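Asks: structure, please.
(one chain, ligands or ions: 1)
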Amino acid sequence: MTAEPEVDPVIVAYYNEGRERGRLAAGPSQLERLRTQALLSRFLPAPPARVLDVGGAAGVYAAWLAGRGYQVHLVDPVPLHVEQAREAAAGSFTAALGDARELAEADASHDAVLLLGPLYHLLERADRVRALAQARRVARPGGVVVAAAISRYASFMDGFYREFVDRPGFAAGMADTMRTGRHLNPRREQYMFTTAYFHDRDGLAAEVTDAGLSLEAIMPVEGPLAWAPGLEGRLAEPAQRQLILDSLAAIEHDPAITGASSHLLAIARASPLARGLALDGQGQEVGHGEQPEGVALQRPDAAAGLIVVDARTAGPE
Ligand SMILES: C[S@@+](CC[C@H](N)C(=O)[O-])C[C@H]1O[C@@H](n2cnc3c(N)ncnc32)[C@H](O)[C@@H]1O
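Replies: Have a look, this model is predicted:
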């Protein structure tokens, strides 16, 4: 893609501060990285599978995957991220400008597609479903799609664990986010995240299935431990780190734990039977080259087996 993707300048300005390169390497965010890596290790096909890392930022996961023998291509709409990713890659993976809503990659060209961040920044449901449908399109039939979401309750947890609620305006914004999912930072406060959408579990499940993907699970990333006292020290100590990862794995199937996690990971598959369908929230077909534009398609009936839905997680928004 040559033209720069259209992303809200407020979001681009936030990322132009260069936070992403080091974010997952220090502090409590290390748990986000370690748990995401543990889940990816479990759900990705074996190397040398082809992985598309959409919204891969400075290439933290792409570099890790390339080091494990995967063939990785990263796309991100922020030029600084693509530049930093290419530096991190040093030839071990490729990176280019791209937008999750309109991927340049060919149909069925990847064994796995990661969306570890783009859904955060798509405030319209139709855009999020479009991004998921694009991931499905570029995944091979049966390929894995892993999509991250920030929890609807992340501001609530940050607000009290990190005492942000005492800062001017935070409590009102937190209440709005819990009601609408929209997280805004109009004063561009340095301690806060930028413009984003925060998902609840059922809403994420419904978006995944509406994109024509077959949902396998919605997993908690950090569970309730993101702000556990002494977390950083424990993660630095191998036995303690393993205890944390094993404990989270032991309780990850409980939806209550997912609800109390700052990040959620949807694990889905591009079902061969679902190919050719990409639906937005209104049931309109979106973004698939094989379908005529503007044609409304019937949503496949899960009961008829066209899309295999995990009955524990899927539901209307
Ligand atoms: C919080 S960062 C996460 C980066 C990395 N994947 C990770 O998990 O640490 C969110 C990423 O999504 C990217 N992003 C924002 N809007 C996007 C879009 N429309 N398409 C693809 N990526 C997007 C941002 O540039 C940023 O790199």
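
Asks: all strands for the stretch 1-150 of the chain, in order.
Replies: All strands of the stretch 1-150 of the chain, identified by DSSP state E, counting those that start in this stretch, fall at 50-54, 71-76, 94-97, 110-115, 139-151.

Asks: got the ones you listed as a markdown table, with mean pLDDT columns?
Replies: Converted to a markdown table, the strands of the stretch 1-150 of the chain look like this (pLDDT from 0 to 100):
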| stretch | mean pLDDT |
| --- | --- |
| strand 50-54 | 98 |
| strand 71-76 | 98 |
| strand 94-97 | 98 |
| strand 110-115 | 98 |
| strand 139-151 | 98 |
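
Asks: make CSV from those strands and add mean neighbour count and distance to the ligand to it.
Replies: All C-beta spots, glycine's among them, are computed from the backbone N, C-alpha and C. Shown next, in CSV, are the strands of the stretch 1-150 of the chain (neighbours: other Cβ atoms under 10 Å; distance: least, Cβ to the nearest ligand atom, whole Å):
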stretch, mean neighbour count, distance to the ligand
strand 50-54, 27, 5
strand 71-76, 26, 5
strand 94-97, 18, 10
strand 110-115, 26, 7
strand 139-151, 23, 6
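
Asks: residue 239: neighbour count?
Replies: 7 (other Cβ atoms under 10 Å).

Asks: of the strands of the stretch 1-150 of the chain, which is nearest residue 19?
Replies: Ranking the strands of the stretch 1-150 of the chain by proximity to residue 19 (Cβ to Cβ) places strand 71-76 first, at 13.6 Å.

Asks: check which helices and strands that closest one is in contact with.
Replies: Here strand 71-76 touches strand 50-54, helix 60-67, helix 79-89, strand 94-97, going by 3 or more Cβ pairs under 8 Å, 6 or more residues apart in numbering; DSSP states H and E.

Asks: so what secondary structure elements neighbour the shortest one?
Replies: So that's strand 94-97. Using 3+ Cβ pairs under 8 Å, 6+ apart, strand 94-97 sits against strand 71-76, helix 79-89.

Asks: so residue 165 sits right up against residue 171, yeah?
Replies: Yes - Residue 165 lies in contact with residue 171 (Cβ atoms under 8 Å); the separation is 5.0 Å.

Asks: now do the shared contacts for those two.
Replies: residue 159 (Cβ atoms under 8 Å, 6 or more residues apart in numbering).

Asks: nothing else from me, thank you.
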